[in-house]
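Engineer: Here is the input, now give the coordinates:
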Amino acid sequence: MPWIDETWLQDALAALKATCDVDAHTRNAMIQFLLDNGFWDQEKLKDWTSAVAKFNSCLNPNKAEFFKIGELWALMRRFGRHQLFLAMAADLGYEVRPIPTEHRRQELMQQLLDLQVQCAAATERVASQLERLNTPAPEPRPGAVHGQGRAQFSSPNEWSAPARANAVVMVGCPYPSRHTVRWPRTCAQCDRGRWILASRPIDGACGW
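Structural biologist: Model (predicted):
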């Protein structure tokens, strides 16, 4: 069974003519619409008579001219003539019902509000970036220059003994009897202490 037969072609042509076979005034408005929106190239058409002849040829199945799908879609949308669309939907097995105008208005209003929120957020981001560009960078502090600062380990009263052979140890070990270390290794299980410089090697338990 062929997919395309004579009856299908006749129905398709009838739907096309119901959409675009209109009175002269509407036809001229359709032609002007196609020209103004770039669907038809004005330079390729010699004059208005050529444009009218092309429009009529697109409705004649025996001519080489034909409407493109984008042109038909735009014409149906602009002039509210949906006969071809409805015939296509019925042929493809779809039921079509128009969305009430108020529902469409509400949907469009919601889209507008969403876009306004996005626009406001984008504007705020760009304004923040511009403000950062216009704000001068802070001047470096005197003690922050390389070579002029001094590292701070701990206060002198926290040292365990006079300076001799330094080793890094952990202060405040909660497990003094559970593990042993040898200098210069540190107590591996001390997780609540703080690092300071000690003055004696460690042998045996961490001793804290």
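Engineer: How many residues are close by residue 49?
Structural biologist: 9 (other Cβ atoms under 10 Å). Backbone N, C-alpha and C define where each C-beta goes, glycine included.
Engineer: can you check residue 76 too?
Structural biologist: 17.
Engineer: what about it, distance to residue 39?
Structural biologist: To residue 39, residue 76 is 13 Å away according to Cβ to Cβ, to the nearest Å.
Engineer: Check residue 47 too.
Structural biologist: Distance from residue 47 to residue 39, by Cβ to Cβ: 18 Å.
Engineer: can you check residue 67 too?
Structural biologist: 9 Å.
Engineer: more crowded one of those two?
Structural biologist: The residue with more neighbours, out of residue 67 and residue 39, is residue 67; 21 against 15, by other Cβ under 10 Å.
Engineer: which residue sits closest to that one, ignoring its sequence neighbours?
Structural biologist: Nearest non-adjacent residue to residue 67, counting by Cβ to Cβ, 6 or more residues apart in numbering: residue 58, 4.7 Å away.
Engineer: What segments of this protein are strands?
Structural biologist: 167-171, 180-182, 194-198, 203-205 (DSSP state E).
Engineer: State the mean pLDDT of the first one.
Structural biologist: Over the span of strand 167-171, the pLDDT mean works out to 46.
Engineer: shaky segments in this protein?
Structural biologist: The chain contains residues with pLDDT under 70 at 1, 142-208.
Engineer: Let me see the contact set for residue 22.
Structural biologist: By Cβ atoms under 8 Å, 6 or more residues apart in numbering, residue 22 lies in contact with 30, 81.
Engineer: and the gap between it and residue 75?
Structural biologist: Residue 22 sits 10 Å away from residue 75 when distances are taken as Cβ to Cβ.
Engineer: Overlap in contacts, those two.
Structural biologist: Counting by Cβ under 8 Å, 6+ apart, the contacts common to residue 22 and residue 75 are 30, 81.
Engineer: Quick check, the residue nearest to residue 67 in contact with residue 72.
Structural biologist: No - counting by Cβ atoms under 8 Å, residue 58 stays clear of residue 72, with 9.2 Å between them.
Engineer: okay, and the common contacts of those two?
Structural biologist: residue 20.
Engineer: where along the protein do the helices fall?
Structural biologist: Along the chain, the stretches classed as helices by DSSP state H are 6-20, 24-36, 48-58, 69-79, 83-91, 101-134.
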